[in-house]
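[1] only the shape, not the letters, is given here:
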């Protein structure tokens, strides 16, 4: 069973387009939990309070043009509260608040962050660039002066990624001068969170430890777009665009709906 703890509409978060996309979160020192909410006209920021309520903090308007796709990740962030704000939402000014601006690849479809190595990877960049839509690497060890160690373009377009450092066994060793590519297939998304790993294809999901999918079972469901339930669901740009899964220490899951807004949810484990 999934309970809804709180909700903020895109209008509540001062979006003029009132359309959402990706979402990301951050466990801050002191136990506070913050959410970055992607919208077609910028990024909104919210906090999950101790009682599960969502509190809108402010927004950063887009610096270019409105886009259906938006993505964000959080690295090495310090949250500073100005006592003069008295809890009122803030519109951030990128001309005042920005410490660095990197424009080495133009637009991208997604951004991947790896805090362990202080690297950011842009994926789905322009196919006509030197990166050819592959992995474009940015070193943010010095956040004020990001640099690029290069890109990986040999394998074509990359849609999404997750960075991990392999520390286990077994290992497969190949000679770098004679690499063998086992197979090439397109997947839309994948996520590894100990002890599980899953890959999402356009038509099916695969768990690494059970590629047949026979052991899959649904444990909860939340319907944020009931309008098409009677039709069995329609493939449209509506409903849940993205979720930030239970990486929050509170276990709260946040869902960003395309046409409605931000939901704070909690899986209770109870059967409804």
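    Noted; the coordinates are in hand. What you are looking at is a predicted structure, and each value in this text was computed from that prediction instead of being measured.
[2] quick one: strands adjacent to the helix or strand that contains residue 38?
    Assessed by DSSP states H and E, residue 38 sits inside strand 33-39. Here strand 33-39 is paired, per DSSP bridges, with strand 20-27 (antiparallel), strand 42-48 (antiparallel).
[3] average model confidence for that strand?
    The average pLDDT for strand 33-39 rounds to 92.
[4] contacts for that strand next, please.
    Strand 33-39 is contacted from outside by 10, 13, 15, 17, 19-28, 43-48, 54, 57, 59, 70-72, 74, 79, 241-242, 244, 248-250, 252, 254, 256, 262, using Cβ atoms under 8 Å, 6 or more residues apart in numbering. Heads up, the C-betas are built off the backbone N, CA and C, glycines and all.
[5] give me that answer again for 6 Å
    The contact list for strand 33-39 (Cβ atoms under 6 Å, 6 or more residues apart in numbering) reads 15, 20-26, 28, 43-48, 70, 72, 248, 254, 256, 262.
[6] among the strands paired with strand 33-39, which is nearest residue 130?
    Residue 130 sits nearest to strand 20-27 of all those, at 26.0 Å, using Cβ to Cβ.
[7] buried ones in the closest one?
    20, 21, 22, 23, 24, 25, 26 (16 or more other Cβ atoms under 10 Å).
[8] give me the contact list for that strand.
    Strand 20-27 has contacts (Cβ under 6 Å, 6+ apart) with 10, 34-39, 70-74, 241-242, 244, 248-249, 254, 256-258.
[9] swap in stretch 99-115?
    Under Cβ under 6 Å, 6+ apart, the answer for stretch 99-115 is 71, 73, 75, 120-126, 136, 144, 146, 148, 160-161, 163.
[10] now, those that are in strands?
    Counting by DSSP state E, the contacts of stretch 99-115 place 120, 121, 122, 123, 136, 148 in strands.
[11] including neighbour count and distance to residue 221, could these go into CSV?
    Shown next, in CSV, are those (neighbours: other Cβ atoms under 10 Å; distance: Cβ to Cβ, whole Å):
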residue, neighbour count, distance to residue 221
120, 21, 34
121, 22, 32
122, 26, 33
123, 20, 30
136, 27, 37
148, 15, 42
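[12] count the residues that sit near residue 15.
    Residues contacting residue 15 under the criterion other Cβ atoms under 10 Å number 21.
[13] doesn't it lie inside a helix?
    No - counting by DSSP: H, G, I helix; E, B strand; the rest coil, residue 15 falls outside a helix, being coil.
[14] beta partners for the closest residue to it other than its chain neighbours?
    Closest residue to residue 15 apart from its sequence neighbours, by Cβ to Cβ, 6 or more residues apart in numbering: residue 39 at 4.5 Å. Residue 39 has these beta-bridge partners by DSSP bridges: residue 20, residue 42.
[15] and for residue 39, the neighbour number?
    Count around residue 39 with other Cβ under 10 Å applied: 29.
[16] can I assume residue 228 sits in a helix?
    Yes - per three-state DSSP, residue 228 lies within a helix segment.
[17] per-residue pLDDT of it, please?
    Value listed for residue 228 in the pLDDT field: 81.
[18] can you get me a residue count around it?
    13.
[19] from residue 50, how far out is the residue nearest to residue 15?
    In this structure, residue 39 and residue 50 are 26 Å apart, going by Cβ to Cβ, to the nearest Å.
[20] residue 138 too?
    On the measure of Cβ to Cβ, residue 138 and residue 50 end up 35 Å apart.
[21] and if you look at residue 225?
    Residue 225 is 29 Å from residue 50, where distance means Cβ to Cβ.
[22] for residue 139, same thing?
    37 Å.
[23] so the two - more neighbours on which side?
    The residue with more neighbours, out of residue 139 and residue 50, is residue 139; 14 against 9, by other Cβ under 10 Å.
[24] which strand residues bridge the more buried one?
    For residue 139, the beta-bridge partners are residue 119, residue 147 (DSSP bridges).
[25] pLDDT score assigned to it?
    90.
[26] which strand or helix spans residue 111?
    With DSSP H and E as the test, residue 111 turns up in strand 110-114.
[27] nothing else from me, thank you.
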